[in-house]
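Peer 1: This is a predicted model, with the sequence first.
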Amino acid sequence: MNRRRALLVLASALPLAACVQPQATGSIVAARPPGGGSYTLSTGDKLRIIVFGQDSLSNIYQVDASGRITMPLIGSVSVSGMTTAAASAAIEGRLKGGYIREPKVTVEVDTYRPFFILGEVTTSGQFPFVNGMTVQTAVAIAGGFTPRAQRSYAEVTRRTSRGIQTAEVPITYTVRPGDTIVIKERWF
C-alpha cells in the first residue's frame, strides 16, 4: 500500500516539476551585454573605424572569418577577441609604423554579429542583433513560438573566454551577439 501511495504522489508531482523556471547556470551568466565595455569583437561584426584627418582610411570594415579586418596602407589587422579600445590601439600602432605620425583612431561597432534561433519557433534561422534583446524578444523576431514550444526557458550557447558554454536560461535572459538559442519542445 505504501509503495502504491508513493508512486501516486510521485506521478502527481511530476507535472509540477515541468513548471519550475530554471535559473541561468554556467559562466555565460557573468558575461556583460554590448555597451558594457567588455564586449569582444568577433567574426561578423561590422566596425566603423574613423582615422581623424584621414578620410580615405575612415570607413566601415567587416571582421572576416579569420577575425581580421583589412584596411588600406596597413593591410590585415587581427581584432578578434579585442575590445573596441584595444582594436583602436592596434590600428594606431600599425599606422605609426611609417604611415601617419600621430594617428588618432576610433573604433565603434556599427552592426553586431547576428544571433541564431532554432527549435520550436515559427521561423528558425539567423537574425540581426538588437541591443537589449532577451530570449523572449528573439522568439518574437523569429515569428513566435510553435504550439509545442517550451515557453518558460531556452538553451543558450555562447562563445566565452573559457570556450563554448551552454546553459538553460529563463525566457527573460539577455541575449548577446553570436548567441545560439534553442527553444525546446514541451512534454505536455
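Peer 2: Everything's here; your move.

Peer 1: Put the alpha carbons of stretch 48-57 into CSV.
Peer 2: Presented in CSV, the C-alpha positions along stretch 48-57 are these (Å, rounded to 0.1, in the frame of the first residue of the first chain):
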residue,chain,number,x,y,z
ARG,A,48,33.0,51.9,-38.1
ILE,A,49,36.7,53.0,-38.0
ILE,A,50,37.5,56.7,-38.0
VAL,A,51,41.1,57.8,-38.5
PHE,A,52,41.0,61.6,-37.7
GLY,A,53,42.3,63.7,-40.6
GLN,A,54,42.4,60.7,-42.9
ASP,A,55,39.0,60.5,-44.7
SER,A,56,40.4,57.9,-47.2
LEU,A,57,41.0,55.4,-44.3
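
Peer 1: Can you tell me what sits against stretch 145-158?
Peer 2: Residues external to stretch 145-158 that are found in contact with it (C-beta atoms under 8 Å, 6 or more residues apart in numbering): 19, 21-22, 28, 31, 119-122, 135, 139, 164-171, 173, 175-176, 178-186. C-beta: built from backbone N, CA, C; applies to glycine.

Peer 1: which parts of it are buried?
Peer 2: Of the residues in stretch 145-158, those buried under the neighbour-count criterion (16 or more other C-beta atoms under 10 Å) are 145, 149-150, 153-158.

Peer 1: do stretch 93-102 as well
Peer 2: Those would be 94-95, 100, for stretch 93-102 by 16+ other C-beta under 10 Å.

Peer 1: which regions of the protein sit below the pLDDT cut-off?
Peer 2: Using pLDDT under 70 as the threshold, the predicted model of the chain has low-confidence ranges 1-37.

Peer 1: So which residues of this structure form helices?
Peer 2: Counting by DSSP state H, one finds helices in the chain at the ranges 2-17, 84-96, 135-141.

Peer 1: can you list the residues that contact the last one?
Peer 2: Right, helix 135-141. Applying C-beta under 8 Å, 6+ apart, the contact partners of helix 135-141 are 115, 117, 121, 127, 130, 133, 145, 154, 156, 169-173, 175, 181, 183.

Peer 1: if we take the buried residues of stretch 145-158, which one ends up nearest to Arg48?
Peer 2: Closest approach between the buried residues of stretch 145-158 and Arg48, by C-beta to C-beta: Arg158, at 24.4 Å.

Peer 1: No further queries at this time; thank you.
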